[in-house]
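S.K.: next comes the sequence, and after it the predicted model I'd like to discuss.
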Protein chains: 2
Amino acid sequence: MSQRISDEVVASALGESRTGPSSGRHGNALAHSHKVGSPPRKTLFEDIKLSVKEIFFSDNPVKEFKDQTLGRKLVLGLEAVFPILRWARGYNFKSFRGDFISGLTIASLCIPQDIAYAKLANLDPEYGLYTSFVAPLVYAFMGSSRDMAIGPVAVVSLLLGTTLSDEIKDFHDPNYLRLAFTATFFAGVTQMTLGVLRLGFLVDFLSHAAIVGFMAGAAVTIALQQLKGLLGIVTFTKKTDIISVMRSVWSTVHHGWNWETIVIGMSFLTYLLVTKYIAKRKKKLFWVAAIAPMISVILSTLFVYITRADKKGVAIVRHIKKGVNPASAGEIFFSGKYLAAGARIGVVAGMIALTEAIAIGRTFAAMKDYPLDGNKEMVAMGTMNIIGSLTSCYVATGSFSRSAVNFMAGCKTAVSNIVMSIVVLLTLLVITPLFKYTPNAVLAAIIIAAVVGLIDIEAVILLWKIDKFDFVACIGAFFGVIFKSVEIGLLIAVAISFAKILLQVTRPRTIVLGKLQGTSVYRNINQYPRASQIPGMLIIRVDSAIYFSNSNYIKERILRWLTDEDVQRIGSEFPRIQYLVIEMSPVTDIDTSGIHAFVELYKSLHKREVQLLLANPGPIVMEKLHASKLTNLIGEDKIFLSVADAVATFGA
Amino acid sequence: MSQRISDEVVASALGESRTGPSSGRHGNALAHSHKVGSPPRKTLFEDIKLSVKEIFFSDNPVKEFKDQTLGRKLVLGLEAVFPILRWARGYNFKSFRGDFISGLTIASLCIPQDIAYAKLANLDPEYGLYTSFVAPLVYAFMGSSRDMAIGPVAVVSLLLGTTLSDEIKDFHDPNYLRLAFTATFFAGVTQMTLGVLRLGFLVDFLSHAAIVGFMAGAAVTIALQQLKGLLGIVTFTKKTDIISVMRSVWSTVHHGWNWETIVIGMSFLTYLLVTKYIAKRKKKLFWVAAIAPMISVILSTLFVYITRADKKGVAIVRHIKKGVNPASAGEIFFSGKYLAAGARIGVVAGMIALTEAIAIGRTFAAMKDYPLDGNKEMVAMGTMNIIGSLTSCYVATGSFSRSAVNFMAGCKTAVSNIVMSIVVLLTLLVITPLFKYTPNAVLAAIIIAAVVGLIDIEAVILLWKIDKFDFVACIGAFFGVIFKSVEIGLLIAVAISFAKILLQVTRPRTIVLGKLQGTSVYRNINQYPRASQIPGMLIIRVDSAIYFSNSNYIKERILRWLTDEDVQRIGSEFPRIQYLVIEMSPVTDIDTSGIHAFVELYKSLHKREVQLLLANPGPIVMEKLHASKLTNLIGEDKIFLSVADAVATFGA
């Protein structure tokens, strides 16, 4: 409909002779030495190729394959998929010493955590250990982060636990375990697909602020869940929101709490938190906190075994299967009613796991300044979880706390993950039966001590200081998680992140420029109060590409600047505004809606007897101005290299 | 997780003494006369107030209410809701002459169209006339467009026809009509809500290109549907996709086409198209096309009445109710199983109707240069459709073809809508029974001739020339509509529009700047091949706000520019790059993710012994750089007013 009319406007406007208020007065407009550049047009194919390259291959992954022999290309290809082939050649004893020590350290930290996190996912404890055996091995061969410690993590375990039990209420139903493997499989497929299709940038859509809030909320939720184990409560709500949980806790205060359990849980929780505090104050003593969970498990298990406190109502692990991971390929639902549920849970869990891993990987890569290819990491994570789902593992990813310990213990390469994996294997083969008497209260204490680290008050304060909108996103996600559920919190986080993007593209900034005295520099008159406007001219900079989502706003905002300025200048010594200069430097692109908006702007200005001048349009914009013949309408002599040139030509 | 680490990076990076490769060498960096401005920080309240104002009240609607007496405010308020109160005072006979003639012209055009469009919505013909009586009256009092002709339109009628019959198969079921009123009611509520909440900018998210494709697809679909009436086919598919329809047409070719119908239909279609062509060639003869539908209806009705062709199988209107709109408030479903369906259809129809009306309104407002308040228009449209749903109307909006005729016939104000409305009222009261013998074939010909105008080949060519992505969006929407359904086409159009926005925010442009000889102007070296780079320096401009969605890409892209340039400069006479200048003028904002990316960039550059210099950060960015203490890390003396200043200070 209206586009037809608009096009007629373009056509008739183009046809009309340009008799603006003072057109032709300044025939010397083109006398300047530098004209606005307009590079040769690219062909359609080049154009598409360039766009696709920048969107999907902005890291230019095939660069090093160029001009190589076929054999060399094969080697490079293998090295690309298995980075270990590259770094293993330079591996030496000094690196191994670092990796060995850090591997042992994270193993001592991961074994108790694995057992505890498996409980969060409503799985038997051995599945946590299984996951810490296979997943790190696969990652060591395919991953490119040197510091990430792989295994089960608290947030993903909680997410799986709540979403899986929404589908199957009874944890002891064998279908529950099968659904967990199915979800793990699809989490891996999701991660791998994103990596192969080079859609890794999608994880960037979950903003840092939203993650801070989401993690803190998950930490509070997880910690509250642990009150069951810590206080020895037998009947506990299955909901995760803070209100249900607190009601469940208070309703059992008179009968249902077990004082022996509370004593054990509270003393080890205190011990764990104190070591954590020490490690935080003195970085050198990080190992005190790193081995504390293992010490807690050993001491508490011995204590229960000697005192037989389990007969007094102290809940213990009771059973943990010995031996290496059994195969589980046959367990995955590839059809039937649980296939859709498994796929859905897997996609969400895979994305969350990926977000966590990428964030950790990037942070450490930046600290040691080595390259980290996000898409390759996704393929590695995906492969790891697919293989994991076939070998009785559930979703693994990079763990924040263990990666930090790994880093501080001096790891050099992914070999530390291999060392950890071997220790876990030995544990599975030899000592798992010893965990039988481990009290659940200690596992709860270990989880609480671990997730406390996910609550990052300082980051929240920083968000508040730097960006209020980020702060709102953070708090929104936090409350969503604690008052409703992990999924709702996630949904709020994504929605707020998107709202921010939409605002950015609908309401771009336009500013008025003034000249800094004694220079030819034009700057924002709000930021530089000494910048002075040019009589009879209004100079506006548009700070965004002009697209359908904002073209109308930009047009109307510019006209409003003009009206406001005209009103303000009435009665002052300034003459009426005769020229509107638009500084186009930041305008990266313009689409057909933008062109229409410009035509409408031109017509409105024409009625008001104001001439439109453009300064420094970029190459893409120039190309489109030419293609749409808008340059003819505005006049080539009204397009300038810079604001200073426009002012020099038309300024009073 | 990683944010904690990142914050530690910030903290430790801030703590570390800045011992960059040549820090302090240039102590005269601050000697320049103009420092980078950093306006006083706004309070949180001011901050929020400003943002909200720019998002929702960018047109400053309360400006004129300021400093007025209460009585005056009341008058202004009434005038704001009913613009007629304002313009009616200046109304004179000359305006009325224009409005009267154009009102009669659009009435003669709308009456046959109303009857035909009602059939598209599977409603009895009188409902089209009802809609053209009440809706334009309401709009005349509340709307601010002076040229828009209000009534039923083809695309919305088709959309209602298909979506309503998805819910209720049988058009003669009284619930079908009730559902239509329910949808109309909710369409009005949707439009009004958007207007009152000032969410009018949401309609901008459907891009011009997508609308062109969607409209063309809808036109083809509607035209194909008319083959039933034009060929006199009795049994016809209810599907709208091109394949089903063509199969339906061919399968009836041997028995089922009616030659008398074809003769009538084809001759009037030819007549209508010829007059349309004449009107297009000679703008002065627009009235020839405008009255052609009415003439066709009169001639064909007389012909059928005289020859009794209806007895030979020519389908006729047969029954059309006489009299003014009956009340229909009691017909709307406010509960029950159809409530949800009605609401859903209403929301979609309301949005489409709004998009069409706003586009038309804006186009004519730009042509005559009068202000058009999008949000106020939505309130007017919403009220009009709510009142319409209570008085037996279905969804009305601005019609492209009739608005263009209205404009060309010389309308001055919305009084032409009132004139049209009165003519329709007289038709309803007096002459509707005469339409009994009007052949359906003529109605089909009228619809085809009307929707041909929605196919805008020139606009598509323009899209192809200006913006290939827009072209793809257009074609995608077109094929979606013709091969699947109106809703799918719409969905494709919205999805493509969004994809474009997401690309824009994930992959912003970064360009390398060079100095234009003999000036202090720095420009894109791709656009200006004569621009020369500075030895030992790389100057990059970032053309977007730095947000979580792009911060990582920007960081990595800048590092890649650096690596590429370094490789390129090896062997040339240029020294190694020691300074990286980032021109920040277009960076309107930075969030916490952006700050983290800058810290990481700083660390990476530090490792490579490259110093980071910033040129012309804007006020908001400066505020956040200060708040995050990033200015301390980078060094106040590394932040410059302009690229030229940075080069003057550190350049070789």
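M.R.: Sure thing, it's come through.
S.K.: so residue A:364 makes contact with residue A:143?
M.R.: No - between residue A:364 and residue A:143 there is no contact under Cβ atoms under 8 Å: 11.8 Å. In short, each C-beta sits where N, CA and C put it, glycine included.
S.K.: neighbour count for those two, which is higher?
M.R.: residue A:143 (27 against 23; other Cβ atoms under 10 Å in any protein chain shown).
S.K.: dump the residue contacts of the more buried one.
M.R.: Taking Cβ atoms under 8 Å, 6 or more residues apart in numbering or on different chains, we find residue A:143 in contact with A:83, A:150, A:377, A:380-381, A:384, A:414.
S.K.: which stretches in the stretch 301-450 of chain A count as helices?
M.R.: Applying DSSP state H, counting those that start in this stretch to the stretch 301-450 of chain A gives helices spanning A:338-368, A:374-390, A:400-408, A:415-426, A:440-452.
S.K.: out of these, which is closest to residue A:617?
M.R.: Residue A:617 sits nearest to helix A:374-390 of all the helices of the stretch 301-450 of chain A, at 33.7 Å, using Cβ to Cβ.
S.K.: report the angle between that closest one and helix A:338-368.
M.R.: 130 degrees (axes from the mean of the first three to the mean of the last three Cα atoms, to 10 degrees).
S.K.: domains in chain A, by residue range?
M.R.: Structurally, chain A divides into domains by automatic domain parsing as follows: A:2-38+A:507-650, A:93-502.
S.K.: avg pLDDT for the first one?
M.R.: Translated: domain A:2-38+A:507-650. Per-residue pLDDT over domain A:2-38+A:507-650 has a mean of 79.
S.K.: on that earlier part again, which of the domains of chain A sits most buried?
M.R.: Mean neighbour count (mean count of other Cβ atoms under 10 Å in any protein chain shown) peaks for domain A:93-502 among the domains of chain A, with a mean of 21.
S.K.: for chain B, what's the nearest residue on the stretch 451-600 of chain A?
M.R.: Nearest residue of the stretch 451-600 of chain A to chain B: residue A:586, at 3.1 Å (Cβ to the nearest Cβ).
S.K.: picking up where we left off before, by pLDDT, give me the weakest of the contacts of residue A:143.
M.R.: Ranked by pLDDT, the contacts of residue A:143 bottom out at residue A:83, which has 88.
S.K.: what's around that residue, how many residues?
M.R.: Residues contacting residue A:83 under the criterion other Cβ under 10 Å number 21.
S.K.: name the nearest residue to it, ignoring sequence neighbours.
M.R.: residue A:144 (4.9 Å; Cβ to Cβ, 6 or more residues apart in numbering or on different chains).
S.K.: please apply the same query to residue A:319.
M.R.: For residue A:319, ignoring the flanking residues on the chain, the nearest one in space by Cβ to Cβ, 6+ apart is residue A:436 at 6.9 Å.
S.K.: next one: residue A:73 from residue B:471, what distance?
M.R.: For residue A:73, the distance to residue B:471 equals 37 Å [Cβ to Cβ, to the nearest Å].
S.K.: phi, psi for residue A:485 please.
M.R.: phi -170, psi 170 (degrees, to the nearest 10).
S.K.: I figured it hits residue A:241, correct?
M.R.: Yes - between residue A:485 and residue A:241 there is a contact under Cβ under 8 Å: 6.5 Å.
S.K.: I'd like the next helix or strand past the lowest-mean-pLDDT helix or strand in chain A.
M.R.: Least confident element among the helices and strands of chain A, by mean pLDDT, DSSP states H and E: helix A:2-15 (a mean of 44). Following helix A:2-15 in sequence order, the next helix or strand is helix A:44-56 (DSSP states H and E).
S.K.: which strands or helices does that following helix pack on?
M.R.: In this structure, helix A:44-56 packs against helix B:468-483, with contacts taken as 3 or more Cβ pairs under 8 Å, 6 or more residues apart in numbering or on different chains; DSSP states H and E.
S.K.: mind listing what residue A:158 touches?
M.R.: A:120-121, A:218, A:221-222, A:225, A:240, A:486.
S.K.: confirm it sits in a strand?
M.R.: No - per DSSP: H, G, I helix; E, B strand; the rest coil, residue A:158 lies outside any strand segment and is helix.
S.K.: quick check: it vs residue B:68, distance?
M.R.: Residue A:158 is 58 Å from residue B:68, where distance means Cβ to Cβ.
S.K.: can you check residue A:464 too?
M.R.: Counting by Cβ to Cβ, the gap from residue A:464 to residue B:68 is 39 Å.
S.K.: ok, residue A:640 next?
M.R.: Taken as Cβ to Cβ, the span from residue A:640 to residue B:68 is 43 Å.
S.K.: before we move on, what about residue A:116?
M.R.: Distance, residue A:116 to residue B:68, by Cβ to Cβ: 68 Å.
S.K.: do residue A:140 as well
M.R.: Applying Cβ to Cβ, the value for residue A:140 to residue B:68 is 74 Å.
S.K.: what does residue A:293 give?
M.R.: 71 Å.
S.K.: got it, and residue A:606?
M.R.: From residue A:606 over to residue B:68 the distance is 33 Å, taken as Cβ to Cβ.
S.K.: what of residue A:532?
M.R.: 34 Å.
S.K.: and residue A:567, by the same measure?
M.R.: 17 Å.
S.K.: can you check residue A:105 too?
M.R.: 74 Å.
S.K.: ok, residue A:414 next?
M.R.: Applying Cβ to Cβ to residue A:414 and residue B:68 gives a distance of 72 Å.
S.K.: stretch A:222-238 and chain B in contact?
M.R.: No - applying Cβ under 8 Å from any Cβ of the partner chain, one finds stretch A:222-238 separated from chain B by no less than 13.3 Å.
S.K.: now that stretch - C-alpha only, CSV.
M.R.: This file holds the C-alpha atoms of stretch A:222-238, laid out as CSV (Å, rounded to 0.1, in the frame of the first residue of the first chain):
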residue,chain,number,x,y,z
ILE,A,222,20.6,-24.7,45.6
ALA,A,223,21.7,-23.6,49.1
LEU,A,224,18.1,-23.6,50.4
GLN,A,225,17.6,-27.1,48.9
GLN,A,226,20.5,-28.2,51.0
LEU,A,227,18.7,-27.4,54.3
LYS,A,228,17.1,-30.8,53.8
GLY,A,229,20.4,-32.6,54.1
LEU,A,230,21.9,-30.1,56.6
LEU,A,231,19.0,-30.3,59.1
GLY,A,232,18.2,-33.9,58.4
ILE,A,233,14.6,-33.2,57.3
VAL,A,234,13.0,-36.4,55.9
THR,A,235,9.9,-35.0,54.1
PHE,A,236,10.8,-32.0,52.0
THR,A,237,9.0,-30.1,49.2
LYS,A,238,10.0,-30.8,45.7
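S.K.: and residue A:561, what does it touch?
M.R.: Contacts of residue A:561 (Cβ under 8 Å, 6+ apart): A:510, A:512, A:538, A:540.
S.K.: in a helix, it, correct?
M.R.: Yes - counting by three-state DSSP, residue A:561 is part of a helix.
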